[in-house]
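1. can you look at this prediction? I've put the sequence above it.
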Amino acid sequence: MCNMDIRGKIREAGLKFWEVAYAMQPPKTDGMFSVMLRKELPDEKKAEIMAIIEGLKKERRAI
């Protein structure tokens, strides 16, 4: 399975895949995000998604 690092980070953060998808710019649908993860993403895109995950995780802690 591709992008296991991203998938694991989302689960570890206690987030849902759709939350990450909606936070992307431009926002993605949950289905579109799942399709993106089917093939290994370039490092730049992975870094962008990891930053989104970290941001959402911080938001969740602040609540």
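-> Thanks, I have it.
2. so which helix or strand takes in Lys46?
-> For Lys46, the host element (DSSP states H and E) is helix 43-62.
3. identify the residues contacting that helix?
-> 3, 5-6, 9-10, 13-15, 19-20, 23-24, 41 (C-beta atoms under 8 Å, 6 or more residues apart in numbering). Where you see a C-beta, it was placed from the backbone N, CA and C, and this is true even at glycine.
4. mind running it again at 6 Å?
-> 6, 9, 13, 15, 20, 23 (C-beta atoms under 6 Å, 6 or more residues apart in numbering).
5. in TSV, list the residues you listed along with distance to Met50 and neighbour count.
-> Listed next are the contacts of helix 43-62 as TSV, based on distance: C-beta to C-beta, whole Å; neighbours: other C-beta atoms under 10 Å:
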residue	distance to Met50	neighbour count
Ile6	7	21
Lys9	6	18
Ala13	10	17
Leu15	12	17
Val20	10	23
Ala23	12	17
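6. show me what counts as buried in the helix holding Lys46.
-> Within helix 43-62, the residues that qualify as buried are 49, 52-53, 56-57, counting by 16 or more other C-beta atoms under 10 Å.
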